[in-house]
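K.L.:
Please work out how this folds:
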Amino acid sequence: MRDFISRKSPLALAISIAAASTVSAVSMVPFAQAQDAMIEEVVVTARKRQESLQDVPVAVTALTPNQLERGSIQRTTDIDKMVPNVELHQTYIGSESLSASIRGIGFDDIEKSLEPTVGVAVDGVFMASNSGAVFDMFDVESVEVLRGPQGTLFGRNTIGGVINVTRTKPTGEWGVKLQATFGDQDMTDVKGVVNMPLGENGGIKLAFKNIQSDSHVYNTTLNGRRDFRDSTTVSASIRYDFSDDTSVVFTYDDYDHDTIAPDNLMVGPFPEPLTGYLASQADDYKTSPQLNPLEAYMWGENMTLQVTHNIPGHQIKYTMGIMDYEEEVHESSWGSSTVFFPVNRDQDFKQTSHEIQISSDSDGPLNYVAGLYYLDADSFITSGPIQPFTVTHQAEAQALYGEMTYDFNDNWSFTLGARYTEEDKEMESYSWPPVVGDADRLANNIDPSVLQMAASPEFSDDNLTYRAVIQRNFSKGMAYVSYSTGFRSGGFFNRGTTPAEVAPYDSEEVDSIEIGLRSNPTENTQLNLTYYTAEYTDMQLPVITPASFPECGKGGAAEDAAGITCSFIKNVGETSMDGIEVEGIWMPTSALSLRASLGTLDGSYDSYDYNGVDISGRAQLLYAPELTWSLGAEHVSQIMGGELILTANYSYQDEVYTQTPWAIYDPATFPKITIDDWESLDVSATYLRDTDNGTFKVILYGTDVLEDGNRVQRRYTTGSFTWAEIAPRQQFGITIGYEF
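P.N.:
Next comes the predicted model:
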């Protein structure tokens, strides 16, 4: 274990002993106790209605609150440690922005005009942007990760899959849950939930969370660590039951994320120079010479309203969601010890969505879900001073969907669903020449008389996605074959500063076949297998070129010296991919649970057109690990009048390729464009003690305990310069909680 025990604190030693105890428990448990073990049923809403996980013909992984807490799944980006064929990381140049890839289909940008490939939904509200999609896993009732296109029920921009998060609702009874976590880098995380009754038919829930920490990267220019996280969220939720059949839940969230990102590393204008990057690399990426901080702030509020009404055999549900926030980003060093390509950005974003659906719960052979959906999203951005631009973007989409399942008999069933979507987008884009000598200038502060470009492109589209499933039930489970389609919306690239860069591009589409087995061979074992194959057409791919390229229309080599590039999104690619996914659970005894997952991916570009030249031979899929796997164990025992839960999870992710301009990529002169494969051992020891006044909790945890230092989690090549973003490895902490 790299002698990490001898170098760490008593807390680290305690956690290491917990991990060893978990392993020992596996070998010492008598197999005869297996008759007492039984895997509990997990209920999911992967098809917009409540069903047992093992009955759903969808590749879905469900994570419970206990799994999240004991498995050190603290934020959205940690979910991939337990789910096959999923790669998640934060994009620090954005505000709490999630880069998500499922089955090799990923998105790694921050612009509001670009659509994600993996959808994120919270309490039934689909997030139209990946900003704000990195959030903490607290006060969560369930997390479901759906893999593969989910266009029929979840709509546009779910061609990779969906991360579906549901928070707890007001209980209508008095209750308190308080928790404080203290960890490395002076991290303090204080959070709580208070439930109270609202008369006899309702309840109020108040929740709060504040986290602060220093950076995990030591700054060699400042000789110290910067502040890192400073985030506060306050929520209030009201539930009222007007009758036994009608209930309303309203939730309000206010958040203030004043984040200074961990210092980056400038890999440099290529060819790669001998800079602070190489020094940091030799020191396990613990250091950075970055002169000025990367500030990515977000302030806003969300509102969610859910109304449910039950009638015999049916439920009608209405969901309204509003997200309204501001963002501010300042970056001028990009991991270097100087000022290099300063960027100052102000952004506003607001989305409003409405969804009404009806679902059946019949004892007969036919059940269905159907609904109407509407989304309106508006954004404004102004940025400068090197590439000054101001953009206003509006998007409107409406959809009609339905899916029905018919049981021919006890063994065979058939599912058919479809979704029709119409959408319209408008953009007004203005750009100006570079501003010299005034790094604080934003685009909307610039004299209109020097306007360089004004464009008002429009985009409209309609799309029909559908899904068909044949399912065969048997005594120990079920098997299915499905065919599904999905699409990722087209539109514009709002970072462009020439008419060519902001020109519309079309939607991309996917066709996918899935063959699955969901089984419980015994009461204490579970085995789920999935084979998938997919073909993507009209793929929206980034094309980044230096300013000297003719299609840029920016002037030439002099601008290249300032780091100016052209960035396009074009429908230039087709991709084929397939793979398998395995998830298993074994409970040798009622006290011991073992889990395992495995995901494989074999994918490549069939074509990648760049100005008539096929570059698919050298282009690689973005953040698409060929292999992911995890092994986990949890042991429960009674000790000192309470319950001791020892948990360990070992996960692995293969090497991935990052963002680079493949059209001009040269392995001899370009910086490194891969993220090395990495593994992580996360362990925890949880002690619970019930008293007459409530339950007390203490958790000792360690993440990535075998590896000291940091690792590169993201690289981005603009075409003129490249930087790397750093994630922490070994982290230890303690959580103290109380609940009644």
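K.L.:
Would you mind pulling up the elements that the helix or strand hosting E69 packs against?
P.N.:
Assigned by DSSP states H and E, E69 belongs to helix 65-70. Applying 3 or more C-beta pairs under 8 Å, 6 or more residues apart in numbering; DSSP states H and E, one finds that helix 65-70 contacts strand 140-147, strand 678-691. Where C-beta positions appear, they are placed from N, C-alpha and C, glycine not excepted.
K.L.:
On the three-state scheme, A663 is what?
P.N.:
Secondary structure, DSSP: H, G, I helix; E, B strand; the rest coil: A663 is helix.
K.L.:
shouldn't it be in contact with Y610?
P.N.:
Yes - A663 lies in contact with Y610 (C-beta atoms under 8 Å); the separation is 4.4 Å.
K.L.:
list residues touching both of the two?
P.N.:
The contact sets of A663 and Y610 overlap at V543 (C-beta atoms under 8 Å, 6 or more residues apart in numbering).
K.L.:
Helices of this protein, start to end?
P.N.:
4-7, 10-28, 65-70, 276-282, 557-561 (DSSP state H).
K.L.:
quick one, which of the helices and strands packed on helix 65-70 is packed in tightest?
P.N.:
strand 140-147 (a mean of 22; mean count of other C-beta atoms under 10 Å).
K.L.:
remind me which residues of the protein are low pLDDT?
P.N.:
Low-confidence segments of the chain (pLDDT under 70): 1-36, 270-274, 438-439, 545-549, 551, 553-565, 719.
K.L.:
One more pass at 80, please.
P.N.:
Scanning the chain for pLDDT under 80 picks out 1-37, 269-275, 436-441, 542-567, 611, 718-720.
K.L.:
Give the other helices and strands that the longest strand along it contacts.
P.N.:
Secondary structure assigned by DSSP state E gives strand 565-589 as the longest strand of the chain. Using 3+ C-beta pairs under 8 Å, 6+ apart as the contact test, the elements touching strand 565-589 are strand 525-546, strand 592-600, strand 602-610.
K.L.:
okay, these in JSON lines with mean neighbour count next?
P.N.:
What follows is those, written out as JSON lines (neighbours: other C-beta atoms under 10 Å):
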{"stretch": "strand 525-546", "mean neighbour count": "20"}
{"stretch": "strand 592-600", "mean neighbour count": "20"}
{"stretch": "strand 602-610", "mean neighbour count": "18"}
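K.L.:
can the ones you listed go into TSV with extra columns for distance to N210?
P.N.:
Formatted as TSV, the helices and strands packed on strand 565-589 follow (distance: least, C-beta to C-beta, whole Å):
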stretch	distance to N210
strand 525-546	37
strand 592-600	32
strand 602-610	41
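K.L.:
now for these, which one comes closest to G172?
P.N.:
Taking C-beta to C-beta, strand 592-600 is the member of the helices and strands packed on strand 565-589 nearest to G172, at 31.8 Å.
K.L.:
other SSEs contacting that closest one?
P.N.:
By 3+ C-beta pairs under 8 Å, 6+ apart, strand 592-600 packs against helix 10-28, strand 565-589, strand 627-639.
K.L.:
Mind listing what's buried along the second one?
P.N.:
Within strand 565-589, the residues that qualify as buried are 565-575, 577-589, counting by 16 or more other C-beta atoms under 10 Å.
K.L.:
Which residue of this protein lies farthest from its centroid?
P.N.:
Distance to the chain centre peaks in the chain at S449, reaching 42.3 Å (criterion: C-alpha atoms, centre = their mean).
K.L.:
Tally up the residues packed near F721, please.
P.N.:
By other C-beta atoms under 10 Å, 20 other residues sit near F721.
K.L.:
how about it, what does it touch?
P.N.:
F721 sits next to M266, V267, G268, P269, W334, F340, F341, G563 when contact means C-beta under 8 Å, 6+ apart.
K.L.:
Tell me which stretches of the stretch 101-250 of the chain form strands.
P.N.:
105-107, 118-122, 125-126, 140-147, 161-167, 175-183, 187-198, 202-219, 224-241, 246-260 (DSSP state E, counting those that start in this stretch).
K.L.:
How about the stretch 301-450 of the chain?
P.N.:
Using DSSP E, counting those that start in this stretch, the strands found in the stretch 301-450 of the chain span residues 314-331, 343-360, 366-385, 389-407, 412-431.
K.L.:
got the ones you listed as TSV, with distance to I673 and mean neighbour count columns?
P.N.:
Shown next, in TSV, are the strands of the stretch 301-450 of the chain (distance: least, C-beta to C-beta, whole Å; neighbours: other C-beta atoms under 10 Å):
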stretch	distance to I673	mean neighbour count
strand 314-331	21	19
strand 343-360	22	19
strand 366-385	26	20
strand 389-407	27	19
strand 412-431	29	19
